[in-house]
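[1] Predicted coordinates and the sequence they were generated for:
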2 protein chains.
Amino acid sequence: MIIGAVEAGGTKFVCGIGNEEGVIHDRVSFPTEQPEKTLAQVIDYFKDKQVEAIGVGSFGPININQASPQYGYVTTTPKPGWGNYPFIPELKKVFDVPFGWDTDVNAAALGEATWGAAKGLDSCLYYTIGTGVGVGVFVEGKLVHGLVHPEGGHVLVRRHPEDTYEGCCPYHGDCLEGAAAGPALEGRWKVKGSELTPDHPAWAMEAFYIGQAVANAILLISPKKIILGGGVMHQKQLFPLIHEEVKKNLNGYISAQSLMDGIADYIVPPGLGDNAGLAGSLALGLRALK
Amino acid sequence: MIIGAVEAGGTKFVCGIGNEEGVIHDRVSFPTEQPEKTLAQVIDYFKDKQVEAIGVGSFGPININQASPQYGYVTTTPKPGWGNYPFIPELKKVFDVPFGWDTDVNAAALGEATWGAAKGLDSCLYYTIGTGVGVGVFVEGKLVHGLVHPEGGHVLVRRHPEDTYEGCCPYHGDCLEGAAAGPALEGRWKVKGSELTPDHPAWAMEAFYIGQAVANAILLISPKKIILGGGVMHQKQLFPLIHEEVKKNLNGYISAQSLMDGIADYIVPPGLGDNAGLAGSLALGLRALK
């Protein structure tokens, strides 16, 4: 079986082919430019690969409502050329195969649930914490779409009492993304996060915000696994700090072994590492075929 | 078709029978006492009703993991006699029919999605705001269970800048329930909520908390409808205040008609009124039969 996968990011595209075991045989990567140019490269990559389906995990916002005439479109992005762009319809003109289509973070959540840290579980959340914050939501064996699609990176959080930084989200100021994404670290501490030492107080404050959002998500959705990925989460010292914040916030209210002694196996890095996005797109393609 | 329904509350039980249209033909109500006594009344009610299935929406926490040996149990409640009580197993000894079993708020969400304000939609959230705060979560056509079950009444919220009340949740102080449930209104204003005039500043503060939790839930889950029920929400002046708070918090970030002009049809009272719980239990029974 040969399945195509497209990890369509705002900065770069990754295209690959893989099989039903999640093994990726081949991949290419190129910068995201105007959609016509970028899609020409996608088409060129897949044209002789004889894929049986293609899965696309995309930057957003996107239309994932199958009943909508704009299904498969990138919608209100400010990214030049991509606003209201018929991404999937354009690919369908060329490839007569089933297409999977979802947000990049939903794709990553599905990838982790299929072959990664949440393998065999029917629910997980996938957070990416990097340039922005996004949350993929997989519950009861399904990716959550709903009215638009989850945008859990923008939930409001309580301010850390010692934080004087106003936040960098143009919509919400100090929402989770505004307070904890990579640019917020840099805005607050005046150096890039990657230049802060592991014992810098920045990480306790970072964990304060992430732990609060994660605790609230546990209360509202009760996922079986929480996966924290993205550039900021390469700072592995964050994990134990986040575990403590989550336990502190829940304060024993949710009685589950996973949340007490087992929390280090409950809130984890991506099992697929930096492959979560591409493998997730592969999983979307596989689901479309079935 | 005759389906049995049990709305198992911490204060009172309601038992009824109804059909696949959601029409309830008969009902009885009695106080919740020790489980043996209470279940004897449930059994007595249904014993000659010839029900084809029974749905139970219960106070919690409860075990709704079908793979668990404790499936159908009430778990860690402090309510005398009910801790670790085999609620559904005891009923199954008497009635050889399929049982539906879920939290009271999940049942209400399902009832609203089947016959109420979210009829025909594949997702909705049902909040009950009364003595406590609970949230039922229905997404992609399924009730959300997960690790335990949703407990979204206890999410952390930002404090209102003029609020000096410390909150009444024994676990979290000023979480949503601690800041906005009926007892919090009374604790903060020193009179029962029902005695406050509709133009009292209490309601703006109440809407501040509810609107914040609802905005965060929209961001994380993207539900197609949000239903606000329970005793506190009998104060209808809260709805427009909550609509404004949600719009203020989202600040245009989620581009959906329902959230702009249509918000009065998006965040609504229960379509089934105070029947949401019993009708929802009926819907649980119907699902168990199918």
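    Sure thing, it's come through.
[2] Can you tell me, leaving aside adjacent residues, what's nearest to residue A:121?
    Nearest residue to residue A:121 in three dimensions, chain neighbours excluded: residue A:224, at 4.4 Å (CB to CB, 6 or more residues apart in numbering or on different chains). To be clear about C-beta, it is placed using only N, CA and C from the backbone, and glycine gets the same treatment.
[3] Would you check that the one you found makes contact with residue A:123?
    Yes. With contact defined as CB atoms under 8 Å, residue A:224 reaches residue A:123; the gap is 4.7 Å.
[4] shared neighbours of the two, which are they?
    Contact with both residue A:224 and residue A:123 is made by residues B:146, B:147, according to CB atoms under 8 Å, 6 or more residues apart in numbering or on different chains.
[5] Low-confidence regions, the stretch 51-200 of chain A specifically.
    Across the stretch 51-200 of chain A, nothing is flagged by pLDDT under 70.
[6] show me the contacts for residue A:204.
    Residue A:204 is in contact with residue A:241, counting by CB under 8 Å, 6+ apart.
[7] That one in helix, strand or coil?
    Look at residue A:204: counting by DSSP: H, G, I helix; E, B strand; the rest coil, its state is helix.
[8] From chain B, how far off is it?
    Distance of residue A:204 to chain B, given as CB to the nearest CB, to the nearest Å: 18 Å.
[9] now do residue A:93
    Residue A:93 sits 27 Å away from chain B, going by CB to the nearest CB.
[10] Need phi/psi at that residue.
    Taking degrees, to the nearest 10, you get phi -60, psi -30 for the backbone angles of residue A:93.
[11] neighbours of it, just the number please.
    10 (other CB atoms under 10 Å in any protein chain shown).
[12] So which bits of the stretch 101-250 of chain A are right by chain B?
    Counting by CB under 8 Å from any CB of the partner chain, the stretch 101-250 of chain A comes close to chain B at A:123, A:135, A:137, A:139-140, A:142-159, A:171-172, A:212, A:215-224, A:249.
[13] among those, which ones are buried?
    Buried by 16 or more other CB atoms under 10 Å in any protein chain shown: A:123, A:135, A:137, A:139-140, A:142-159, A:172, A:212, A:215-224, A:249, out of those.
[14] Tell me where chain A has strands.
    Using DSSP state E, the strands found in chain A span residues A:3-8, A:12-18, A:24-31, A:53-58, A:99-103, A:124-129, A:133-139, A:142-143, A:226-229, A:267-268.
[15] Number of residues surrounding residue A:75?
    Neighbours around residue A:75, by other CB under 10 Å: 16.
[16] Now do the same contact list for the residue in the stretch 151-290 of chain A that chain B sits nearest to.
    Of all residues in the stretch 151-290 of chain A, residue A:222 sits closest to chain B, at 3.4 Å by CB to the nearest CB. Residues near residue A:222 by CB under 8 Å, 6+ apart: A:123, A:254, B:144, B:145, B:146, B:147, B:148, B:149, B:150, B:151.
[17] now do 6 Å
    By CB atoms under 6 Å, 6 or more residues apart in numbering or on different chains, residue A:222 lies in contact with B:146, B:147, B:148, B:149, B:150.
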